[in-house]
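Visitor: Give the three-dimensional model of this entry:
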Amino acid sequence: MAHQASLCLQCIGLAYFDIRIFNTDRHAGNLLVRKPGPGVDNFGERTELIPIDHGLCLPECLEDPYFEWIHWPQASIPFCEEELEYIANLDPVKDAEMLRMELPMIREACIRVLVLSTTFLKEAAAYGLCLSEIGEMMSRQFTGREEEPSELELICMEARKVGRGKRVLFS
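Guide: Predicted coordinates for the structure are as follows:
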């Protein structure tokens, strides 16, 4: 049972990470699964999820992310109090400062996406949404042959209209 709980926590942690970095390419081919070897006591080792290939993270603008984990059962479970506290304590401004220091070549537009997506995670979780609902709101829908903006993009468009003429600084 502890093994399954551990794997569930890994899935949730992966989803937090993907949301915050706005991963546009999280599918099964970008996950390695490391299982305990044969003859190994399963109580001593656990299955691990290892995310790989982060080449399509932190885009300069909102794109259509692909979060395969939206369809995993763990993503539909409401957040527990400990998870809500963890999310509430995320500090996107501090993370942006750290990225600027550690990766001085990173574009400001990419940092804005990190701040936006982390803020969105915080607000959506506080509102009571689960990971699958948050991921769905970040994903675009296709109607016929047309791609519709995601709910997050629509929120940003509305914020831009409201803020038109007002200067907003991201530093």
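Visitor: Run through the residues that contact Lys35.
Guide: Thr47 (CB atoms under 8 Å, 6 or more residues apart in numbering). In this view, the C-beta of every residue, glycine as well, is placed from N, C-alpha and C.
Visitor: What separation is there between it and Gly128?
Guide: In this structure, Lys35 and Gly128 are 35 Å apart, going by CB to CB, to the nearest Å.
Visitor: what do you get for Leu84?
Guide: Leu84 is 9 Å from Gly128, by CB to CB.
Visitor: the more surrounded of those two?
Guide: Leu84 (15 against 10; other CB atoms under 10 Å).
Visitor: Verify the stated contact: Pro65 with Phe22.
Guide: Yes. Look at Pro65 against Phe22 with CB atoms under 8 Å: they come within range, at 5.9 Å.
Visitor: Which neighbours do those two have in common?
Guide: Joint contacts of Pro65 and Phe22 (CB under 8 Å, 6+ apart) are Met138.
Visitor: What number of residues are in the vicinity of Phe22?
Guide: Neighbouring residues of Phe22 were enumerated by other CB under 10 Å; the total is 24.
Visitor: Make 55 the first number, not 1, from now on.
Guide: With the count now opening at 55, the last piece we talked about shows up as Phe76.
Visitor: I am assuming it contacts His108, so please confirm or correct that.
Guide: No. The pair Phe76 and His108 fails to qualify as a contact (CB under 8 Å) at a distance of 11.1 Å.
Visitor: With just CA atoms, put stretch 205-218 into PDB.
Guide: The C-alpha trace of stretch 205-218 is given here as PDB (Å, rounded to 0.1, in the frame of the first residue of the first chain):
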ATOM      1  CA  GLU A 205      -9.800  28.600 -20.700                       C
ATOM      2  CA  LEU A 206      -6.500  29.900 -19.400                       C
ATOM      3  CA  GLU A 207      -5.900  31.800 -22.600                       C
ATOM      4  CA  LEU A 208      -9.400  33.300 -22.500                       C
ATOM      5  CA  ILE A 209      -8.700  34.500 -18.900                       C
ATOM      6  CA  CYS A 210      -5.500  36.100 -20.100                       C
ATOM      7  CA  MET A 211      -7.200  37.800 -23.000                       C
ATOM      8  CA  GLU A 212      -9.900  39.200 -20.600                       C
ATOM      9  CA  ALA A 213      -7.200  40.400 -18.200                       C
ATOM     10  CA  ARG A 214      -5.400  42.100 -21.100                       C
ATOM     11  CA  LYS A 215      -8.600  43.900 -22.100                       C
ATOM     12  CA  VAL A 216      -9.100  45.000 -18.500                       C
ATOM     13  CA  GLY A 217      -5.500  46.000 -18.100                       C
ATOM     14  CA  ARG A 218      -5.300  47.800 -21.500                       C
END
